[in-house]
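*Asks:* What follows is a predicted protein model with its sequence.
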Amino acid sequence: MEPGGSTLMPDEGVARATPRVAVTEAPITEPHGRVTGRRRLSGPVSSRRRRLRALTSLRFVAALGVFVHHATPNGAHGSGLASILWEGTSGVTFFFLLSGFVLAYSYAGRLGGHAREGIRAFYVSRIARIYPLFLLTLLIAAAPTLLERIRLGPAGLAPLGLQLTLTQAFVPLSDPISHRVIALGFDAPAWSLWCEAFFYALFPVCLVALYRVRRPRLLIGLACVFSLWPMLLAASFHGAGATYWFLYLFPPARLADFLIGMCLGLVLLAIDGRALSRIRYWSMLEALTLVALAATVAMAGRVPTVYRFDVHYVPAMAAVIFVFALERGRLSRLLGHSTIMFFGEISFAFYMLHALVMRAAGYPPGGPGGLAHAGPLALILVGTLVLSAMVHLGYELPAQRRVKRWGEKRLP
């Protein structure tokens, strides 16, 4: 769920003369593919790749929603403004959709034909994106209790080991104690990286399969089919205490979001530019997708919780991602401004650090206080933004480059 940027190094295995793509999930050098008049994918398409600046900026909006959710007091989400702000947790669904969208858009044509070098380079790139910053925040979160965990032996170190390997999501969490200790016991927002790691593991296979579909209408149909998966799970699951773990945290249950994003990313590649030129009033269309998303959030209180974990937000968020990726309206052009994009570029650091800053300042995520103290909370927000910018520029980007260089030396 890491942000992108406009000036990152080209990925492994691609000529440096190839144009670069500034994207939200992973700034990737243009892959190969072609958009034809038949709206199918084949051959090189590098000259037609969009830079997706607006999506970079929207990523920060989603991360800010998660911040607001964690600042909302427990028990205050039953009605009124607090109930709307509580739905900021849905920003994670936006991340998963966007991750599939941008990766499919960036890598289509590069991982086909069982290209081992491209697949290995992809995995190195993904590790470089998420693990250095994840490791930093995990060490910060674990430091106060590390000696006590060592004293307890395996029982104390096991949750830390699960975190380090991003495998804790596969441990059923049926009670609040195990949920807090194993799943959210360190840096709570990091749980989404379990899902991202699972998605990355499956991505090459999924991309090769979906890339063969090629026709936009079939890809849209597949996206609709994938949306049935979380809907059916929500309608049929009766796991009582494990409902939250299974529907919200469990990676296979969230895979549909990633696949829907992949389908839409491939549609963006295949779509005919001449058909888009016939559509007018793009600014109005962008505004309508935002209104639809706002309405989806506002009516969430009337929707059963099992649907609000995920599927309730998918249609509106998917529409926002696709329309703003086209970058044809005034709103998307505004979001593409370099100053606004910088907030998107630091959004991964902001997402990973905000709960730690809240905790250090006496605002446990979702705990008491929150919106009742807007002044201190504003200071926490500003402080987190400043810290995120420092960590992004001083640690995250240099660490990514080092990991990529390490991977390049060891790729056969």
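*Replies:* Perfect, I can see it now. Residues are numbered from 1 along each chain as shown.
*Asks:* The closest residue in space to R333 that isn't next to it in sequence - how many residues pack around it?
*Replies:* What sits nearest to R333 in space, not counting adjacent residues and going by Cβ to Cβ, 6 or more residues apart in numbering, is E327, at 6.7 Å. Bear in mind the C-beta positions are built from the backbone N, C-alpha and C, glycine included. Using other Cβ atoms under 10 Å, E327 has 19 neighbouring residues.
*Asks:* Could you number the chain from 5 rather than 1 from now on?
*Replies:* With 5 as the first residue, the last one maps to E331.
*Asks:* Let me see the contact set for E331.
*Replies:* R54, R55, L56, R57, A58, R337, G340 (Cβ atoms under 8 Å, 6 or more residues apart in numbering).
*Asks:* now those residues in TSV, with pLDDT?
*Replies:* Shown next, in TSV, are those (pLDDT from 0 to 100):
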residue	pLDDT
R54	76
R55	83
L56	91
R57	94
A58	96
R337	93
G340	94
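*Asks:* Going through these, which ones are buried?
*Replies:* Buried by 16 or more other Cβ atoms under 10 Å: R54, R55, L56, R57, A58, G340, out of those.
*Asks:* helix or strand for the fifth one, which one?
*Replies:* Which is A58. Assigned by DSSP states H and E, A58 belongs to helix 57-75.
*Asks:* How about the next helix or strand after that helix, which residues are buried there?
*Replies:* Downstream of helix 57-75, the next assigned helix or strand under DSSP H and E is helix 84-90. The neighbour-count check on helix 84-90 (16+ other Cβ under 10 Å) flags A86, S87, I88, L89, W90 as buried.
*Asks:* just to revisit the earlier point, now, which of the buried ones among the contacts of E331 sits nearest Q172?
*Replies:* The nearest member of the buried ones among the contacts of E331 to Q172, counting by Cβ to Cβ, is L56 at 31.5 Å.
*Asks:* CA atoms only for the helix holding A58, dumped as PDB, please.
*Replies:* Output of helix 57-75 as PDB, limited to C-alpha atoms (Å, rounded to 0.1, in the frame of the first residue of the first chain):
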ATOM      1  CA  ARG A  57      -0.800  11.400 -10.800                       C
ATOM      2  CA  ALA A  58      -4.300  12.000  -9.400                       C
ATOM      3  CA  LEU A  59      -4.300   8.500  -8.000                       C
ATOM      4  CA  THR A  60      -1.100   9.200  -6.100                       C
ATOM      5  CA  SER A  61      -2.800  12.200  -4.400                       C
ATOM      6  CA  LEU A  62      -6.000  10.200  -3.700                       C
ATOM      7  CA  ARG A  63      -3.900   7.600  -1.800                       C
ATOM      8  CA  PHE A  64      -3.300  10.300   0.900                       C
ATOM      9  CA  VAL A  65      -7.000  11.000   1.200                       C
ATOM     10  CA  ALA A  66      -7.500   7.300   1.900                       C
ATOM     11  CA  ALA A  67      -4.700   7.300   4.500                       C
ATOM     12  CA  LEU A  68      -6.200  10.400   6.100                       C
ATOM     13  CA  GLY A  69      -9.500   8.500   6.400                       C
ATOM     14  CA  VAL A  70      -7.700   5.800   8.300                       C
ATOM     15  CA  PHE A  71      -6.100   8.400  10.600                       C
ATOM     16  CA  VAL A  72      -9.500   9.900  11.300                       C
ATOM     17  CA  HIS A  73     -11.000   6.500  12.000                       C
ATOM     18  CA  HIS A  74      -8.200   5.800  14.600                       C
ATOM     19  CA  ALA A  75      -8.900   9.200  16.200                       C
END
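*Asks:* Low-confidence bits of the stretch 155-304 of the chain, can you list those?
*Replies:* Along the stretch 155-304 of the chain, the parts satisfying pLDDT under 70 run over 176-187, 242-246, 276-279.
*Asks:* elements contacting the helix holding A58?
*Replies:* Contacts defined by 3 or more Cβ pairs under 8 Å, 6 or more residues apart in numbering; DSSP states H and E place helix 57-75 against helix 84-90, helix 95-111, helix 318-330, helix 334-339, helix 342-349, helix 351-364, helix 378-395.
*Asks:* and the angle for it with helix 342-349?
*Replies:* Note on geometry: by axes from the mean of the first three to the mean of the last three Cα atoms, to 10 degrees, helix 57-75 and helix 342-349 are set 50 degrees apart in direction.
*Asks:* Can you point out the buried residues in helix 57-75?
*Replies:* Buried residues in helix 57-75 (16+ other Cβ under 10 Å): 57-75.
*Asks:* right, and R332 touches R284 too?
*Replies:* No: counting by Cβ atoms under 8 Å, R284 is not a contact partner of R332; they are 9.8 Å apart.
*Asks:* out of these two, which sits in the busier spot?
*Replies:* Ranked by neighbour count (other Cβ under 10 Å), R332 and R284 place R332 first, with 19 against 9.
*Asks:* Could you verify that the more buried one is part of a helix?
*Replies:* No: the assignment for R332 by DSSP: H, G, I helix; E, B strand; the rest coil gives coil, which leaves it out of any helix.
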